[in-house]
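*Asks:* task: produce atomic coordinates for the following.
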Amino acid sequence: MFDYETLKFAWWILVGALLIGFAITDGMDMGVGSLLPFVARSDMERRIAINTVGPHWDGNQVWFITAGGALFAAWPAVYAAAFSGFYMAMMLVLFALFFRPVGFDYRSKIDDTRWRSAWDWGLFLGGAIPALIFGVAFGNLLQGVPFHLDDMLRSHYQGSLLGALLPLLNPFALLAGLISLAMLAVHGGVWLQLRADDPVASRSRAFVTKLSPFVALAFALAGVWLWFLVDGYRIVSEPPHGALPNPLDKQVVRAAHAWFDIYGRMPVAMIAPALGLAGPLLTALLAAARRPGLAFVTSALGMAGIIGSAGLSMFPFVMPSSLDPNSSLTIWDSSSSHLTLTVMFWAVLLLLPVVIGYTIWCYANMWGRVTAEEIDARSHSAY
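*Replies:* Residues are numbered from 1 along each chain as shown. Sure, this is the predicted structure:
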């Protein structure tokens, strides 16, 4: 029904929507974990915080798994290059995520202070490390990833996680990581203000009002950094967008301000960075005014704006190459076959509304506050 070019573009939108959905849902759980040592000081307070996300964290993580599967299905070349190049970073994320299921399910099984404290820190690491690394990954994508393709289209990566040559943890990437960590912590803090009882809710409100302006300021700083210090990528020539994928059959140059080209061609794209700046600031005001429900919405819009700004700025690039710009992977030349995109498109079109509907139904039935009395009353099933 759809031509090849339309499907390639549609999958760019779908992958972006899945990443935003993951940030809003599972990112909220990670934010709660990141704030756990700071907003909950006693065992009961930590149990209250954990019980605000414990019943649905695993369902939210489906968004993460789905986004990874969509990346593999839509852009197998990107999946191969990214997961081999970012191998150590992805392993760090994976091992951090191991703490979450065990921490949620076994933390309260033993009434021992050291046992519970250890898993509390495990939940903190399981929330903070992935949030930081995901931002670092986006920061490196915007700068270009040190890989190139040979004549057989095999990817060769020459960077490292901490080494002196082409490290992933470079200053701009760390700034992007801090933005990611802070915005997820804000989102988790708003959720705690909405669902947790005092004093956890009050402490969470204080963190949200302080962290939200930092998110907006850091996001603005990243934009200024990109404008003055980071060269973008621009396609000079390429085959028709509906042609069979061949990443080496194009000419790409690096140029100052190239990541801002789309805002000149399509001024409507400015909505994304506007949301990225306004969302956190409105979240701080609404949280201070004790309107956590609306703050949750503005926090989600802010995250959508920040993630959307990165995607729009890079369009149509998915994984630029800093070593050989012509090896850069775009949505037009790294996609799966027409048949694969068609079959997967209809599968997503049928199943995504079910996932969204189930998510909405879960949250619609969980707006009450979690209290110590409630946890005591159902101690056998509480986290």
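
*Asks:* ok but residue 111 is inside a strand, no?
*Replies:* No - judged by DSSP: H, G, I helix; E, B strand; the rest coil, residue 111 forms no part of a strand; its state is coil.

*Asks:* what's around it, how many residues?
*Replies:* Look at residue 111: counted by other Cβ atoms under 10 Å, it has 8 neighbours. (Glycine included, C-beta is placed from N, CA and C.)

*Asks:* check what pLDDT it gets.
*Replies:* In the predicted model, residue 111 carries a pLDDT score of 83.

*Asks:* what distance do you get for it to residue 47?
*Replies:* 12 Å (Cβ to Cβ, to the nearest Å).

*Asks:* OK, contacts around residue 186?
*Replies:* 31, 207-208, 211-212, 215, 280, 283, 299 (Cβ atoms under 8 Å, 6 or more residues apart in numbering).

*Asks:* work out for me the element it sits within.
*Replies:* Residue 186 is part of helix 171-195, with elements assigned from DSSP states H and E.

*Asks:* so which bits of the next helix or strand after that helix are buried?
*Replies:* Once the chain leaves helix 171-195, the next helix or strand it forms, by DSSP H and E, is helix 200-229. For helix 200-229, burial by neighbour count (16 or more other Cβ atoms under 10 Å) applies to 200-201, 203-209, 211-212, 214-216, 218-219, 222-223, 225-226.

*Asks:* with stretch 278-286 instead?
*Replies:* Neighbour-count burial for stretch 278-286 [16+ other Cβ under 10 Å]: 279-286.

*Asks:* would you format these as TSV with distance to residue 259 included?
*Replies:* Compiled in TSV, those are given as follows (distance: Cβ to Cβ, whole Å):
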residue	distance to residue 259
279	21
280	21
281	23
282	26
283	26
284	27
285	30
286	31
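
*Asks:* next one: the nearest residue in space to residue 249 that is not next to it in sequence from residue 338, what distance?
*Replies:* Excluding its sequence neighbours, the residue lying closest to residue 249 (Cβ to Cβ, 6 or more residues apart in numbering) is residue 239, at 5.4 Å. Taking Cβ to Cβ as the measure, residue 239 and residue 338 are separated by 15 Å.

*Asks:* looking at the two now, which is surrounded by more residues?
*Replies:* Between residue 239 and residue 338, counted using other Cβ under 10 Å, the more crowded position is residue 338 (16 against 13).

*Asks:* who touches that one in this structure?
*Replies:* By Cβ under 8 Å, 6+ apart, the contact set of residue 338 is 4, 7.

*Asks:* give me the spatial nearest neighbour of residue 127, chain neighbours excluded.
*Replies:* The spatial neighbour of residue 127 that comes closest, neighbours along the chain excluded (Cβ to Cβ, 6+ apart), is residue 33 at 2.6 Å.

*Asks:* repeat that for residue 290.
*Replies:* According to Cβ to Cβ, 6+ apart, the nearest residue to residue 290 is residue 205 (7.4 Å).

*Asks:* so that neighbour touches residue 291, yeah?
*Replies:* No - look at residue 205 against residue 291 with Cβ atoms under 8 Å: they stay out of range, at 10.5 Å.

*Asks:* isn't residue 231 up against residue 260?
*Replies:* No - using Cβ under 8 Å, residue 231 makes no contact with residue 260, being 11.5 Å away.

*Asks:* the two: who's more crowded?
*Replies:* Neighbours per residue (other Cβ under 10 Å) separate residue 231 from residue 260, with residue 231 holding more: 18 against 15.

*Asks:* need the pLDDT of that one.
*Replies:* 94.

*Asks:* and the nearest residue to it once chain neighbours are set aside, backbone torsions?
*Replies:* Spatial nearest neighbour of residue 231, chain neighbours left out: residue 254 (4.4 Å); criterion: Cβ to Cβ, 6+ apart. Phi and psi for residue 254, reported as degrees, to the nearest 10, are phi -90, psi 140.

*Asks:* and residue 254, how many residues sit next to it?
*Replies:* 16.

*Asks:* start the count at 11 instead of 1 going forward.
*Replies:* From this message on, residue numbering opens at 11, which makes the last subject residue 264.

*Asks:* spatially nearest residue to residue 345 (excluding sequence neighbours)?
*Replies:* residue 18 (4.9 Å).
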